[in-house]
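Chemist: generate a structure from the sequence data that follows.
(one chain, ligands or ions: 1)
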Amino acid sequence: MIKALAIVPYEGLFEMMKEINQEVEDIQLQIELGNLYEGVAIAKDAEKNGYHVIISRGGTASIIQEAVSIPVIDIQVSGYDVLRILTLVKGFSGKAAIVGFSNITQGAATICKLLDLDIKTLTITKDIEVKEKLMSFKENGYEVIIGDVVTVQAAKQLGLTGVLITSGKEAILDALEETRRSYRLFSRLQQDVSLFQSILDCNEQAIGVFNREEKIVYGNERFNKEFHWMTLENSIDIRRLIQETALTREKQTKTVHINHSFWTITTCPKEDAIVLYFEKPLPNQAIVQGGDVNLDAIEFHTFASYIPLSGKSELIQKVLKQIDQYSKSEESVWISGEEGNGKELTAHSIYLKRKTMNEPFITLHCDLLSVEQLKDLMNEDFFQKYVNGVIYLKNIDKLNSYMQKELYHIFKNEQDKKLQWLASSEDNMEEKVKNGTFHRDLYNALSQLKIHIPPLRERRKDIEDLVHVFISELHPKYGNRVIGIRPDALEEITNYNWPGNVEQLKQVIEQLFLQSHSYYIEKEEVETVFKRLEQQEKNGALTDIDISGTLEEIEKQVITKVLEEEGLNQSKAAKRLGINRSTLWRKLK
Ligand SMILES: Nc1ncnc2c1ncn2[C@@H]1O[C@H](COP(=O)(O)OP(=O)(O)OP(=O)(O)O)[C@@H](O)[C@H]1O
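Modeler: This is a model prediction of the structure:
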């Protein structure tokens, strides 16, 4: 049975509807008297109380339509209604005018012409125009004003005769017919919506939709359960992800630590919104990060982004031996060395030898980790949860003394458990411990075993292997046009100082790969890149940017400069610019 509420603006209509209601069987019709905003309040209540349809008239129907999401049927002014009123007004002696919205005046003007009636018609577009228009009619000697409720009320206030265009039985029957049609359509749509709603609610993923104004416009059951507290103000990572998706119009996937657990989030750009799918990674599962730079302090790793350590120098062979040897034990290993020389790769190699891929390798970026994040991890028993895994404390020397102390407590409490610890730092740890800037017990605890990786300039024999490994790694990414390097070009590369170590070598090879014009990287190409690097070292800062070009060109210049400043290290440049590495690369193309 259709449950409908009629909100009618005048008594006569109320009575007529009551009368018609007695003949209607398929609609459970409730009738209320209410004009304009009183009508809106009644309609809102009705929606809450499960009414399917609202029936109203004129201006009241229009504003109700804005306020509710169930169908609102307008009792249209019919030709019969206008004819009825004009016939009546013919008997009046004073000058008459019809004032109203076009739904009334258009038909009325035609009828006046057909019947040769001397009645003026005036169309208004807003309620507030009524009073002013009526005043000018009054000044021009008009005495009778025909219109809807608002017009008639205003006319009466000005001392004019107001004649209301009332609705006849035909208009009401039409409205009831329209009610049946809308109900059928609406309930079919509602069935579809509730089917989709229940499918979304059954989904294990939490699904949230954000609009252009970054407000949540939809959340499925899981989303509302887990993230009812979420706004983009309190979730910086999510905001960044949404903004990046909106900017690139491309899907993004990222693992983020929210509210005490990890979630893998996939974003999907839609016309006016961004859909977010939140998934809990399975316990102990390695998570694919897509190889992009991760701006978060806590990161799960994937084997896919790692390659074996290459190099034939005795120094790197010693490192490889240590990795083999240390992998047989479960003790913590402290890996030291300059930036970009393979500390993380070494840590990962140990993990791969000690563990299976089902146990997590978790990196805590100590230079990014905040005191709050560390506290959060402790509160949620993070370290107990991942006892089967390996925790890699990257750049541990960057922790402040408070956090060093906290970490030592965690380490002590975890000692009997299975959790394994690896740490990396620059070379000067003994000195830091001696002068008191690093926690001695923490250092001793984590450096049961030690690996030192010498800088690349001390093991130049490795460079040839590394260059070829990097070229081959670039084939799947950019195609296989470049197949090697000329001996004189390799010599140039081998003699370079490499302050940014292997990471810098890798970035330079990528640049050369992309810039190369032949199958082999030529000496001149290497020289050009080195000249640029030297220039930057001398300048030490950004040179002027030419702002005469388009925004895209300026953006490209800025990215190139930052990239140069970071020794062509794309990860660092992307991190500084707050974008991910693939976006950076796309923007440079
Ligand atoms: N011996 C090696 N063989 C192959 N690739 C290497 C080797 N050493 C380093 N790399 C590569 O160089 C890059 C930098 O290495 P890694 O991130 O392990 O250095 P890191 O010392 O941890 O750097 P940072 O301290 O700056 O974070 C990585 O892409 C890594 O794969």
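
Chemist: contacts only, for I98.
Modeler: Contact analysis of I98 by Cβ atoms under 8 Å, 6 or more residues apart in numbering lists 104-105, 108-109, 112, 119-122, 145-147. Just so you know, the C-beta spots here come from the backbone N, C-alpha and C atoms, and that holds for glycine as well.

Chemist: please repeat the previous calculation with a cut-off of 10 Å.
Modeler: Contact analysis of I98 by Cβ atoms under 10 Å, 6 or more residues apart in numbering lists 82, 85-86, 89, 104-105, 107-109, 111-112, 119-123, 144-147, 151, 163, 165.

Chemist: give me the mean pLDDT for the lengthiest helix in the chain.
Modeler: In terms of residue count, the longest helix belonging to the chain (DSSP state H) is helix 169-202. The predicted model assigns helix 169-202 a mean pLDDT of 91.

Chemist: elements contacting that helix?
Modeler: strand 2-8, helix 11-21, strand 27-33, strand 53-56, strand 72-74, helix 79-89, strand 216-219, helix 221-227 (3 or more Cβ pairs under 10 Å, 6 or more residues apart in numbering; DSSP states H and E).

Chemist: which positions within that helix qualify as buried?
Modeler: In terms of neighbour count (16 or more other Cβ atoms under 10 Å), helix 169-202 has its buried residues at 171-172, 175-176, 178-180, 182-183, 186, 200.

Chemist: cool, stretch 430-447 as well?
Modeler: Result for stretch 430-447 [16+ other Cβ under 10 Å]: buried residues 432-433, 438-439, 442-443, 445-447.

Chemist: spatially, which two of those residues are the most separated?
Modeler: K432 and A445 (15.2 Å; Cβ to Cβ).

Chemist: now stretch 106-125: how far from the chain's centre is it?
Modeler: Centre-to-centre, stretch 106-125 and its host chain are 55 Å apart (Cα atoms, centre = their mean, to the nearest Å).

Chemist: distance to the ligand added to the buried residues of helix 169-202, as TSV?
Modeler: Output for those, formatted as TSV (distance: Cβ to the nearest ligand atom, whole Å):
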residue	distance to the ligand
A171	77
I172	77
A175	72
L176	73
E178	68
T179	68
R180	69
S182	63
Y183	64
F186	58
L200	40
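
Chemist: angle of the longest helix of the chain against helix 11-21?
Modeler: 80 degrees (axes from the mean of the first three to the mean of the last three Cα atoms, to 10 degrees).

Chemist: the helices and strands packed on helix 169-202: lowest mean pLDDT?
Modeler: helix 79-89 (a mean of 84).

Chemist: need the buried residues of helix 169-202 in JSON lines with distance to L36, can you?
Modeler: JSON lines is the format used below for the buried residues of helix 169-202 (distance: Cβ to Cβ, whole Å):
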{"residue": "A171", "distance to L36": "20"}
{"residue": "I172", "distance to L36": "20"}
{"residue": "A175", "distance to L36": "19"}
{"residue": "L176", "distance to L36": "23"}
{"residue": "E178", "distance to L36": "22"}
{"residue": "T179", "distance to L36": "21"}
{"residue": "R180", "distance to L36": "27"}
{"residue": "S182", "distance to L36": "22"}
{"residue": "Y183", "distance to L36": "25"}
{"residue": "F186", "distance to L36": "25"}
{"residue": "L200", "distance to L36": "38"}
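
Chemist: contacts only, for the residue most central in space within the chain.
Modeler: Centroid-nearest residue in the chain, with Cα atoms, centre = their mean: I242, separated by 2.2 Å. Applying Cβ under 10 Å, 6+ apart to I242 gives the contacts 208, 210, 214, 232, 235, 252, 265, 267, 269, 273-274, 276.

Chemist: swap the cut-off to 6 Å and go again
Modeler: 210, 274 (Cβ atoms under 6 Å, 6 or more residues apart in numbering).

Chemist: L276 versus that one, what's the distance?
Modeler: 7 Å (Cβ to Cβ, to the nearest Å).

Chemist: next, the buried residues of the helix or strand where Q535 lies.
Modeler: Assigned by DSSP states H and E, Q535 belongs to helix 523-539. Using 16+ other Cβ under 10 Å as the burial criterion, the residues of helix 523-539 that qualify are 523, 525-526, 529, 533, 536.

Chemist: ok now that helix, how far from the chain's centre?
Modeler: With Cα atoms, centre = their mean, you get 40 Å for helix 523-539.

Chemist: now it - C-alpha only, CSV.
Modeler: Provided in CSV are the C-alpha atoms of helix 523-539 (Å, rounded to 0.1, in the frame of the first residue of the first chain):
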residue,chain,number,x,y,z
LYS,A,523,81.6,8.7,-23.0
GLU,A,524,80.2,12.2,-24.1
GLU,A,525,76.9,11.4,-22.5
VAL,A,526,78.5,10.5,-19.3
GLU,A,527,80.6,13.7,-19.3
THR,A,528,77.5,15.8,-19.8
VAL,A,529,75.8,14.2,-16.8
PHE,A,530,78.9,14.7,-14.7
LYS,A,531,79.3,18.3,-15.7
ARG,A,532,75.7,18.9,-14.6
LEU,A,533,76.5,17.2,-11.2
GLU,A,534,79.6,19.3,-10.7
GLN,A,535,77.7,22.5,-11.6
GLN,A,536,75.2,21.7,-8.9
GLU,A,537,77.8,21.0,-6.4
LYS,A,538,79.3,24.4,-7.1
ASN,A,539,76.0,26.2,-7.1
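
Chemist: break this protein down into its domains, please.
Modeler: Following the assignment in automatic domain parsing, the chain carries domains at 2-75+170-187, 79-166, 204-279, 299-454.

Chemist: what's near enough to touch the residue of the chain at minimum distance from the ligand?
Modeler: Closest contact between the chain and the ligand, by Cβ to the nearest ligand atom, is at G342 (2.8 Å). Taking Cβ under 6 Å, 6+ apart, we find G342 in contact with 453, 502.

Chemist: before we move on, what about I323?
Modeler: So I323 contacts 349-350 (Cβ under 6 Å, 6+ apart).

Chemist: swap in Q252?
Modeler: Contacts for Q252 (Cβ under 6 Å, 6+ apart) come out as 241, 244-245, 267.

Chemist: what of L276?
Modeler: Per Cβ under 6 Å, 6+ apart, neighbours of L276: 208, 265, 267.

Chemist: quick one: name the residues of this structure near the ligand.
Modeler: 307, 309-311, 316, 337, 339-345, 424, 466, 469, 502-503, 506 (Cβ under 6 Å from any ligand atom).

Chemist: again, only this time at 8 Å
Modeler: By Cβ under 8 Å from any ligand atom, the residues of the chain that approach the ligand are 306-311, 316, 335, 337-348, 394-395, 424, 453, 462, 465-466, 469-470, 501-503, 505-506.

Chemist: all the helices of the stretch 201-350 of the chain, in order from the start?
Modeler: 221-227, 236-248, 314-326, 343-354 (DSSP state H, counting those that start in this stretch).

Chemist: pick the most deeply packed of those helices.
Modeler: helix 343-354 (a mean of 21; mean count of other Cβ atoms under 10 Å).

Chemist: after it, next one along is what?
Modeler: strand 361-365.

Chemist: what pLDDT, on average, does that following strand get?
Modeler: 87.
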